[in-house]
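Student: below are the sequence and a predicted model; questions follow.
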Amino acid sequence: MSINKLVILDRDGVINEDSDDYIKTPSEWRPLPGSADAIARLNHAGYRVVVATNQSGLARGYFDAATLAAIHERMRAHLSDAGAHLDGIYVCPHGPDDGCDCRKPKPGLVDQIVADYGEVAGVPLVGDSLRDLQAGQARGCRPVLVRTGKGRRTLDKGLPEDLGPVAVYDSLARFVDAFLKDRS
């Protein structure tokens, strides 16, 4: 088990509302209830919190890098208002057919996090899709599924047995409640 006080989060569907049409502008970024407070509680408990997010809308031309930066600035401002912060945001800008190794379910984003923060074995990776869980599992992260975003659909499809045990929570806030209680 890792001694690294780190939590890895997917963005869309975990921190903010997800959209099948993509989050293309700052005004389309809408926080999920309780997510900012949950991140603040992790921060105050001494955890570093990073985001690992696929953003194929860049490759698809739905938005550009400056717009993505503005979306992330809106997210950071919202988190700051709640006394929270992110220690890093790791983005895969590629489309599904680009052949990169950073697009989840491949572990390239997690590898970038390892390069910056060290070992991630046992570190929770919280996501709403199978690809999030698989990317973390490939590097020994503890897979955590939330039912927000695409989480219910992911559960309805069933999780593969080779994923191992997956903790499931209604939201990021419920995960953080249980996670911090287990550490007190």
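Tutor: Yes, it's here. Keep in mind that what you see is a predicted model, and the values were worked out from it rather than measured.
Student: need the longest strand for this protein.
Tutor: In the chain, taking DSSP state E as the definition, the longest strand is strand 48-54.
Student: buried residues, it. List them.
Tutor: When burial is assessed from 16 or more other C-beta atoms under 10 Å, strand 48-54 yields the following buried residues: 48-54. Heads up, the C-betas are built off the backbone N, CA and C, glycines and all.
Student: would you map the helices across this structure?
Tutor: Taking DSSP state H, the helices of the chain run over residues 35-44, 57-60, 65-81, 108-117, 130-137, 151-157, 172-182.
Student: one step back: I'd like the buried residues of strand 48-54 laid out as JSON lines, including pLDDT.
Tutor: Formatted as JSON lines, the entries for the buried residues of strand 48-54 read as follows, by pLDDT from 0 to 100:
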{"residue": "48", "pLDDT": "98"}
{"residue": "49", "pLDDT": "98"}
{"residue": "50", "pLDDT": "98"}
{"residue": "51", "pLDDT": "98"}
{"residue": "52", "pLDDT": "98"}
{"residue": "53", "pLDDT": "98"}
{"residue": "54", "pLDDT": "98"}
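Student: run through who's touching the longest strand of the chain.
Tutor: 5-12, 15, 39, 42-43, 84-92, 103-104, 109-110, 113, 117, 125, 131-132, 135 (C-beta atoms under 8 Å, 6 or more residues apart in numbering).
Student: switch the cut-off to 7 Å
Tutor: Here strand 48-54 makes contact (C-beta atoms under 7 Å, 6 or more residues apart in numbering) with 5-12, 39, 42-43, 86-92, 103-104, 109-110, 113, 117.
Student: check the offset of that strand from the chain's centre.
Tutor: Computed by C-alpha atoms, centre = their mean, to the nearest Å, the chain-centroid distance of strand 48-54 equals 5 Å.
Student: about what we covered before: just the ones in strands from the contacts of strand 48-54, please.
Tutor: 6-9, 88-92.
Student: with distance to residue 159 added, can I get the residues you listed in a markdown table?
Tutor: Shown next, in a markdown table, are the ones in strands among the contacts of strand 48-54 (distance: C-beta to C-beta, whole Å):
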| residue | distance to residue 159 |
| --- | --- |
| 6 | 23 |
| 7 | 20 |
| 8 | 18 |
| 9 | 19 |
| 88 | 27 |
| 89 | 26 |
| 90 | 24 |
| 91 | 25 |
| 92 | 22 |
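Student: sort out which residues of stretch 115-125 are buried, please.
Tutor: Buried, per 16+ other C-beta under 10 Å, within stretch 115-125: 117, 120, 123-125.
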